[in-house]
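> Following is a predicted model, sequence given first.
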Amino acid sequence: MSIDTDRFAGELRARLEIEELHSTLDFDTVLAGSKRARRRRAVVASTVAAGALVATVLAGPPLVDLGHRMADAARRERLAGVDGAAGDLSKPLNVAWQASGAFAGVSEPSGTILLDTDHSFEALDAATGQVRWSVAEDADHSCSPAAVTASGTAADGPDGVLCVSPADGTMQVRDVATGDVVATETSDWREWHAALVDGALVVVGVDQEGHAVARSTDPATGDVNWTYRGETTIPPGGDGFGMDVGPGIVGLAAGAWSVNLDPATGEPVAADGAAEHHPVELAGGLTAIQSGAPNGAPDAWSVRVLGRDGTELLRMPGILEQPPVDDGSVPGLVFVLNLETNAIDVIDVTTGTTLWSHGGFRPDVLVDGFLVATSNTGGKLRVVDATTGEQVWTAQLHLPNVGLAPLTDGVNVLTLEEAAGEPNLVARDLATGSVVWAQPWDPGGASWALLHALPSGDVLATTDSGVTIFRP
């Protein structure tokens, strides 16, 4: 697994309040396709753009269309290596297909969308919506995609599906694209839970003597990566046992008792011990790494920035909030949530200077020098100058729980908005905020929706009741 979904989820990952960072990351798992990932910027020769301009000026209207095509080509080249950037949004998008069920993830390399329906776990072809494979589910048999921990979100989505039957102690790891069983494992512990964590099958539980136990196995080879067994027995009582999967930890909890382990080594992690996770590659070859304690105080959270050679350039308190989409047009910026002021500080990593600070928003897209951000409440879209923080334009989306992760093709911004009580896909000009087109869409009574850009150029909308694929 690579990631991020930071974070497809990405993540495009869901931003978390500080108290949520101390809990499991199930929602991040769902948004494994909404990643924070590689930031790359293709350099376009200035002579191409200059040549297009001169040709248009000298030849007049007959070559205007050629100029537009060359500008579009330059835009596509500029965003070619940028994860999470959308395809051409200049024309209205239409519904290609829809399916009902709880969205469970998307595997970008195989073009597979995962759904958890009332009675089965299904893998759909992203191009057609046809079911590639399915597994029946009931009270004693369930499936889930790969989970997210230290490395963030799966860069290209979940690379496996885990189906478990606690009643008979069996676990099956299935290939995302085909549904083929690639590994089978059993457990004879009196209680256990399992998850795919960074590509490994991790099982935690309680053995027959009452000790906390865990093991990590490579599904491809069957090799055991590590094992763990606690020295003391778990105190009786509590409301049963549960598995925690979070930033840099896998753990077993029983009432007030818990143990957290490093998913890479199986070594115990202290409740207030700091662990590094969510490495994010910044423009210019820099890397930002979040550090924090699973149950630590706010002042235990910090961000450090490393240079190309791994040298630490900067360390600051707070939580990393880097835009999931970044074309590298303003290199050297790091976005950190200041836990004292609850505002986003935008910091120049070369000097350590805070260029500007503003509260109440999430940075979603940094492209062509513009920062596209959405308010934490109220559904307001803001576009600001990424260097100064000066507002360029703003728009009220009217749907605070819908479309909080806008998409961009470098020229337009795509959001979900409401007009006369009906949801609409709306494309706005990135530079001015003017509406380019609006297309009605029925989300089927969903209470929330998120937009995701797929490498195919399609747009995926996920809701609490189904998925929709849009294309021109």
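Noted; the coordinates are in hand.
> Quick check: neighbours of the lengthiest strand in the chain in the sheet, parallel or antiparallel?
If you go by DSSP state E, the chain has its longest strand at strand 224-233. Strand 224-233 has the following sheet partners, assigned by DSSP bridges: strand 211-217 (antiparallel).
> tell me how far the partner strand is from the chain's mean position?
The chain centre lies 28 Å from the centre of strand 211-217; the measure is C-alpha atoms, centre = their mean, to the nearest Å.
> what's downstream of the longest strand of the chain, the next helix or strand?
strand 241-246 (DSSP states H and E).
> which parts of that next one are buried?
Buried residues in strand 241-246, counting neighbours by 16 or more other C-beta atoms under 10 Å, are found at 241, 243-246. No exception for glycine: its C-beta is placed from N, CA and C like everyone else's.
> swap in stretch 94-107?
96-99, 101-107.
> number of nearby residues for residue 336?
By other C-beta atoms under 10 Å, 26 other residues sit near residue 336.
> Can you say which helix or strand has it in it?
Here residue 336 is assigned to strand 333-338, by DSSP H and E.
> partners of that strand in the sheet?
Applying DSSP bridges to the sheet, strand 333-338 is found paired with strand 319-320 (antiparallel), strand 343-348 (antiparallel).
> how about the CA coordinates for that strand, as PDB?
Taking Å, rounded to 0.1, in the frame of the first residue of the first chain, the C-alpha atoms of strand 333-338 are listed here in PDB:
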ATOM      1  CA  LEU A 333       4.300  26.700   1.900                       C
ATOM      2  CA  VAL A 334       3.200  24.500   4.800                       C
ATOM      3  CA  PHE A 335      -0.300  24.800   6.300                       C
ATOM      4  CA  VAL A 336      -0.600  24.000  10.100                       C
ATOM      5  CA  LEU A 337      -3.600  24.100  12.400                       C
ATOM      6  CA  ASN A 338      -2.500  26.200  15.400                       C
END
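> So which residues of the protein form helices?
With DSSP state H applied, the chain shows helices at 26-30, 46-59, 64-78, listed in chain order.
> Going by distance to residue 471, which of the buried residues of strand 241-246 wins?
residue 245 (34.0 Å; C-beta to C-beta).
> The closest one reaches residue 147, doesn't it?
Yes: under the criterion of C-beta atoms under 8 Å, residue 245 makes contact with residue 147 at 4.6 Å.
> Any buried residues in the longest strand of the chain, and which?
If you call a residue buried by 16+ other C-beta under 10 Å, then strand 224-233 has these buried ones: 225-226, 228, 230.
> wait, which of those is closest to residue 176?
Nearest member of the buried residues of strand 224-233 to residue 176, counting by C-beta to C-beta, is residue 225, at 21.2 Å.
> Would you mind measuring from the closest one to residue 287?
Separation of residue 225 from residue 287 (C-beta to C-beta, to the nearest Å): 25 Å.
> In the protein, where is pLDDT below threshold?
Judged by pLDDT under 70, the chain has its weakly predicted residues at 1-76, 81, 148-157, 236-240, 247, 271-278, 293-298, 377-378, 399-404, 419-421.
> I'd like to know how many residues surround residue 301.
Residue 301: 21 neighbours (other C-beta under 10 Å).
> ugh, typo on my part, it should be residue 88
A count of neighbours around residue 88, defined by other C-beta under 10 Å, yields 15.
> Kindly report the same for residue 329.
Neighbours of residue 329 using other C-beta under 10 Å come to 16.
> Residue 127 too?
Neighbours of residue 127 (other C-beta under 10 Å): 14.
> Please report phi then psi for it.
phi -80, psi -40 (degrees, to the nearest 10).
> dump the residue contacts of it.
Counting by C-beta atoms under 8 Å, 6 or more residues apart in numbering, residue 127 makes contact with 111, 456, 458.
> how about 10 Å then?
96-97, 111, 454, 456, 458, 469, 471 (C-beta atoms under 10 Å, 6 or more residues apart in numbering).
> beta partners for residue 366?
Here residue 366, judged by DSSP bridges, has bridge partners residue 326, residue 371.
> so how many other residues sit close to the closest residue to residue 232 other than its chain neighbours?
The shortest distance from residue 232 to any non-neighbouring residue, by C-beta to C-beta, 6 or more residues apart in numbering, is to residue 211 (7.5 Å). Other residues lying near residue 211 total 16 when counted by other C-beta under 10 Å.
> for residue 131, same thing?
14.
> Apart from its neighbours in sequence, what residue is nearest it?
Nearest one to residue 131, counting by C-beta to C-beta, 6+ apart, is residue 122 at 5.4 Å.
> Report the beta-bridge partners for the residue lying closest to residue 373 once chain neighbours are set aside.
Nearest residue to residue 373, sequence neighbours excluded (C-beta to C-beta, 6+ apart): residue 361, at 4.3 Å. Note on residue 361: beta-bridge partners by DSSP bridges are residue 375.
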